[in-house]
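Undergrad: heads up, no residue letters with this:
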């Protein structure tokens, strides 16, 4: 018997009772559906009302219904064990293990293979509390990972899931903990939605701007001159590899950049440097990822100090507004042109000479600046929302570790 570091108090201001340890199997019915049961009686379709929940539908502590299979034409009289009801907890037990979600409505969902159904004794364990408990990283390390069978595809048996040790507070304390963490989940959901809407808004704005459906005006209220088609080689230089590598530097490779931001470049001494460390970026250079370019891990370089870039990047030195060019290389039409020229299936690569031959519609310099400022302002809002989302998730995980044993 023990208690967590962070406790809730009752209406009298006193802590609730000491937590009790139970095995999941003693307070819940844990089951799965055999594959042969399902395939014998199930008919999949892409339309309908009744959904078969597969492992891919259980993600980030909730149901993900973006890719579903319907089973309206199936023989439900043979699938009683598969029927899911409100407050059933789903648990993925093969492949990606430990994803959980709660069922929130009746008469809509049935269990598919590779997902366990946990039906709790709600007099002892609230489903909303269990959902948060299973989402704690410490629980995953100390319980889930303890029982995983190691093979080419990790898996858990129902017997081992029933062995999970759950530390139970009283029902009133469970309720307080679950309500508090559910409010944080709602905040995370709102931030995810905001992030998605901002990205959608930017994509729509780029389509209107680069198709010239949306135009900017000068200080006198007049439209700028018509755009001109130019090859990338006419608006940027492609800098060749350098032989003059410094004695110490930070190395920018394909793992260092994500969504236009530099993450954790590795520090090297010259004698230990990777063979691909050959490009020295200057301020305002654009590092364009030539290996798997569809990933868009490009960087507008604005750093001070010794950095060396991998040859997996083309080093572009803009002759016009660099912020505008950085937006251009992420526009769908440009990305499509890059992908047409990239060779290879597993690791597509575009040659620098092919990259430089791509044509771009270019506005006048002053309109370039206005467009870049407009799109960069959206990027900043996206980055702020992404940062807030990351910090909120971190904060919640820290609370989970303090609230649970």
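TA: On my side now, so go ahead. Not measured: the values here are computed from a predicted model. Numbers count the residues shown, from 1 in each chain.

Undergrad: quick one: the helices in the stretch 1-150 of the chain?
TA: Taking DSSP state H, counting those that start in this stretch as the test, the helices found in the stretch 1-150 of the chain are 24-27, 35-41, 127-134, 137-139, 145-147.

Undergrad: By mean pLDDT, show me the worst of those helices.
TA: When these are ranked by mean pLDDT, helix 35-41 comes last with a mean of 72.

Undergrad: okay, the helices of the stretch 1-150 of the chain, which one's buried deepest?
TA: helix 127-134 (a mean of 23; mean count of other Cβ atoms under 10 Å). Glycine gets a C-beta too; all of them are placed from N, C-alpha and C.

Undergrad: Quick one: residues in contact with that one.
TA: 61, 87-89, 91, 98, 100-102, 118, 120, 139, 166, 174-175, 177-179, 181-182, 400, 404 (Cβ atoms under 8 Å, 6 or more residues apart in numbering).

Undergrad: Could you turn the buried ones of those into a PyMOL selection?
TA: Burial among the contacts of helix 127-134 is assessed by 16 or more other Cβ atoms under 10 Å; the matching PyMOL selection reads:
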select buried, resi 61+87+88+89+91+98+100+101+102+118+120+139+166+174+177+178+181+400+404
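
Undergrad: returning to that earlier point: nearest to residue 216, out of the helices of the stretch 1-150 of the chain?
TA: Nearest of those to residue 216, taken as Cβ to Cβ: helix 137-139 at 47.8 Å.

Undergrad: How far does the closest one sit from its chain's centre?
TA: 20 Å (Cα atoms, centre = their mean, to the nearest Å).

Undergrad: Now stretch 374-389: buried residues?
TA: In stretch 374-389, counting by 16+ other Cβ under 10 Å, buried: 375, 378, 379, 382, 385, 386, 389.

Undergrad: do you know how far the nearest residue to residue 317 once chain neighbours are set aside is from residue 321?
TA: Spatial nearest neighbour of residue 317, chain neighbours left out: residue 237 (4.4 Å); criterion: Cβ to Cβ, 6 or more residues apart in numbering. Per Cβ to Cβ, to the nearest Å, residue 237 is found 15 Å from residue 321.

Undergrad: Looking at the two, which one has more neighbours?
TA: residue 321 (23 against 13; other Cβ atoms under 10 Å).

Undergrad: now the helices of the stretch 1-150 of the chain as TSV including distance to residue 394?
TA: As requested, the helices of the stretch 1-150 of the chain are exported to TSV (distance: least, Cβ to Cβ, whole Å):
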stretch	distance to residue 394
helix 24-27	28
helix 35-41	38
helix 127-134	16
helix 137-139	11
helix 145-147	21
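
Undergrad: Relative to residue 16, which of the ones you listed is closest?
TA: helix 127-134 (12.7 Å).

Undergrad: that older thread, return the closest of the buried residues of stretch 374-389 with respect to residue 191.
TA: Using Cβ to Cβ, residue 389 is the member of the buried residues of stretch 374-389 that lies nearest residue 191, at 4.2 Å.

Undergrad: three-state assignment of the residue nearest to that closest one when sequence neighbours are not counted?
TA: Using Cβ to Cβ, 6+ apart and skipping residues adjacent in sequence, the residue nearest residue 389 is residue 191, 4.2 Å away. Here residue 191 is recorded as helix under DSSP: H, G, I helix; E, B strand; the rest coil.

Undergrad: For residue 191, give me its contacts.
TA: Taking Cβ under 8 Å, 6+ apart as the test, what residue 191 contacts is 385, 388, 389, 392.

Undergrad: do that again at 10 Å, thanks
TA: 385, 386, 387, 388, 389, 390, 391, 392, 393 (Cβ atoms under 10 Å, 6 or more residues apart in numbering).

Undergrad: In a helix, the first one, correct?
TA: What it means is residue 385. Yes - counting by three-state DSSP, residue 385 is located in a helix.

Undergrad: Make sure it is actually in contact with residue 199.
TA: Yes - proximity of residue 385 to residue 199 meets the contact threshold set by Cβ atoms under 10 Å, at 9.5 Å.

Undergrad: now the strands for the stretch 101-250 of the chain?
TA: Remark: strands assigned in the stretch 101-250 of the chain by DSSP state E, counting those that start in this stretch are 109-111, 115-120, 165-168, 228-231, 236-239, 248-252.

Undergrad: Can you list the strands that the longest one pairs with?
TA: It refers to strand 115-120. strand 28-31 (antiparallel), strand 89-92 (antiparallel) (DSSP bridges).

Undergrad: quick one: residue 174 from residue 165, how far?
TA: 16 Å.

Undergrad: ok, now residue 320?
TA: Residue 320 is 63 Å from residue 165, by Cβ to Cβ.

Undergrad: ok, back up a step: just curious, which of the contacts of residue 191 is nearest to residue 344?
TA: Among the contacts of residue 191, and counting by Cβ to Cβ, the member closest to residue 344 is residue 386, at 30.7 Å.

Undergrad: show me the contacts for the spatially closest residue to residue 385 that is not a sequence neighbour.
TA: Closest residue to residue 385 apart from its sequence neighbours, by Cβ to Cβ, 6+ apart: residue 195 at 4.7 Å. Residue 195 makes contacts with 381, 382, 383, 384, 385, 386, 388, 389, as judged by Cβ under 10 Å, 6+ apart.

Undergrad: Would you mind giving the secondary structure of residue 366?
TA: Going by three-state DSSP: residue 366 is helix.

Undergrad: My guess is residue 194 contacts residue 388. True?
TA: Yes - taking Cβ under 10 Å as the definition, residue 194 is a contact partner of residue 388 at 8.9 Å.

Undergrad: quick one, strands of the stretch 301-405 of the chain?
TA: With DSSP E, counting those that start in this stretch, the ranges of strands along the stretch 301-405 of the chain come out as 307-310, 313-318, 359-362.
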